[in-house]
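K.L.:
let me see the structure of the following:
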Amino acid sequence: MDLFLRIIKFGLTGLLGMAIDFGATWLCKEKIKINKYVSNAIGFTLAVTNNYLINRVWTFQSTNAHWGTEFSKFLGVSLIGLALNTLIIYLFHQRKNGTNFYVAKFFAIVIVFVWNFLANMLFTFK
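P.N.:
This next block holds a predicted model:
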């Protein structure tokens, strides 16, 4: 049951992160006119910072005094996630000729969710 509850908490945190990610990406890409991949990285980075703080306290209830090391691990996992995220967007949006950027981004987020949960549970917050 503990694992199921953690997945739910991680998912809820991820939904908030997704809102931050999509919102920042949209703002940067559509309103500020920043390159779509740079906008994606900005949105992802803001979401990662938010998600670390919430997951540390709520999802995994970490008491690790070395939060800088823990955040570095979380960031490393997230950067691998960002690389996967960007690759998936590229493959669906560029290579599939016409898949909507935001649809491709949604698929990327779903796939990267699995990676992030497992890596953080088994590595960052173990």
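K.L.:
for stretch 6-20, buried residues please.
P.N.:
Using 16 or more other Cβ atoms under 10 Å as the burial criterion, the residues of stretch 6-20 that qualify are 6, 9, 10, 13, 14, 17, 18, 20. Quick note: C-beta positions are derived from backbone N, CA and C, even for glycine.
K.L.:
list the contacts of the third one.
P.N.:
The contact partners of residue 10, by Cβ atoms under 8 Å, 6 or more residues apart in numbering, come to 55, 59, 116, 117, 120.
K.L.:
how about it, secondary structure?
P.N.:
Following DSSP: H, G, I helix; E, B strand; the rest coil, the label given to residue 10 is helix.
K.L.:
run through the chain and note the low-pLDDT ranges.
P.N.:
Along the chain, segments meeting pLDDT under 70 span 1, 96-97.
K.L.:
all strands of it, in order?
P.N.:
For the chain, strands defined by DSSP state E do not occur.
K.L.:
please enumerate the helices of it.
P.N.:
For the chain, the helices defined by DSSP state H occupy 2-26, 36-54, 67-89, 101-119.
K.L.:
now those helices in a markdown table, with distance to residue 126?
P.N.:
Formatted as a markdown table, the helices of the chain follow (distance: least, Cβ to Cβ, whole Å):
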| stretch | distance to residue 126 |
| --- | --- |
| helix 2-26 | 12 |
| helix 36-54 | 15 |
| helix 67-89 | 10 |
| helix 101-119 | 10 |
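K.L.:
now the contacts of residue 10 in a markdown table, with neighbour count and distance to residue 80?
P.N.:
Listed next are the contacts of residue 10 as a markdown table, based on neighbours: other Cβ atoms under 10 Å; distance: Cβ to Cβ, whole Å:
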| residue | neighbour count | distance to residue 80 |
| --- | --- | --- |
| 55 | 25 | 16 |
| 59 | 23 | 19 |
| 116 | 25 | 9 |
| 117 | 18 | 13 |
| 120 | 25 | 11 |
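K.L.:
nearest to residue 28, of these?
P.N.:
residue 116 (21.8 Å; Cβ to Cβ).
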